[in-house]
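Novice: Next input, structure requested:
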Amino acid sequence: MRKFLIATHNKGKLIDFKNLLESFGFELVSLSDLNISQVEEENGDTFEENSFNKAKFYAHLSGVLTLSDDGGLEITALDNKPGVHTRRWESETPLSDKELIDKILDKMKNLKADERVAVLRTVITIYDPKTSDYIQTEGLIEGTIVEDLDKDIIDGYPVRSLFYIPQIGKVYGELSLAEKTTVNHRKIALEKIKPELIKFK
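Specialist: Below is the predicted model of the structure:
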């Protein structure tokens, strides 16, 4: 069984990907399993660029088939901001969770309900260091931005307290594990490329 590296230092994301990939027929390993502590900087201008660069970096570093992703919140009325540079959106220094939430709500304070459309988007890249072949896909969750924050801020994931999913009637941060499986943007992306993964086995 071929090893498949999930290239993230985020423990929550690692668990999510392991659960989603367990039936794909690979031996799933993490960066810590391979004693990799290096961090690839996200200097790209798009989610696609960052996802590809990280997958390629860790694939060549480890010699193992590698998955990496990049994504974030895109608000239609704000020209798809905060987008790829979420933490440095109009700021010289990284925004805290609270600062980011305050900025989003302030910029949207005069927008009507039908103008508060947004998506959570992720771009996944799977890169094979043996051949330099790769596949890339994206997954989207559609929703809206709430007018006021009335939920606790989730440490490290502030937009999850703002992103409301009409089909379920909750903000993303309130979803149960079962509900997350029905509106999981990583799952949506992986299901698109599952047939293509056979060539990497």
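
Novice: When you work out contacts or count neighbours from here on, use the C-alpha atoms and nothing else.
Specialist: Fine.

Novice: Identify each buried residue in stretch 15-25, please.
Specialist: For stretch 15-25, burial by neighbour count (16 or more other C-alpha atoms under 10 Å) applies to Phe17, Leu20, Leu21.

Novice: Correct me if wrong: Ile141 contacts Leu120.
Specialist: Yes. Taking C-alpha atoms under 8 Å as the contact criterion, Ile141 and Leu120 are neighbours in contact, 5.2 Å apart.

Novice: between those two, which one's more packed in?
Specialist: Each of Ile141 and Leu120 had its neighbours counted (other C-alpha atoms under 10 Å), and the higher figure belongs to Leu120 (22 against 18).

Novice: Looks to me like the more buried one is in a helix.
Specialist: No. Leu120: not assigned to a helix; according to DSSP: H, G, I helix; E, B strand; the rest coil it is strand.

Novice: centre of the chain versus the helix or strand Lys13 falls within, how much separation?
Specialist: Lys13 is part of helix 11-21, with elements assigned from DSSP states H and E. Here the centre of mass of C-alpha atoms in helix 11-21, compared against the chain's by C-alpha atoms, centre = their mean, to the nearest Å, lies 11 Å away.

Novice: what does the helix or strand that that helix is followed by contact?
Specialist: Scanning forward in sequence from helix 11-21 by DSSP H and E, the next helix or strand is strand 27-30. Counting contacts by C-alpha atoms under 8 Å, 6 or more residues apart in numbering, the residues outside strand 27-30 that touch it are Met1, Arg2, Lys3, Phe4, Leu5, Ile6, Ala7, Thr8, Leu14, Lys18, Leu21, Glu22.

Novice: CA atoms only for strand 27-30 - export them in PDB, please.
Specialist: Listed in PDB are the C-alpha atoms of strand 27-30, where the atom choice follows Å, rounded to 0.1, in the frame of the first residue of the first chain:
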ATOM      1  CA  GLU A  27      -1.400   4.400   4.000                       C
ATOM      2  CA  LEU A  28      -2.100   7.800   5.400                       C
ATOM      3  CA  VAL A  29       0.800   9.600   7.100                       C
ATOM      4  CA  SER A  30       1.200  13.000   8.600                       C
END
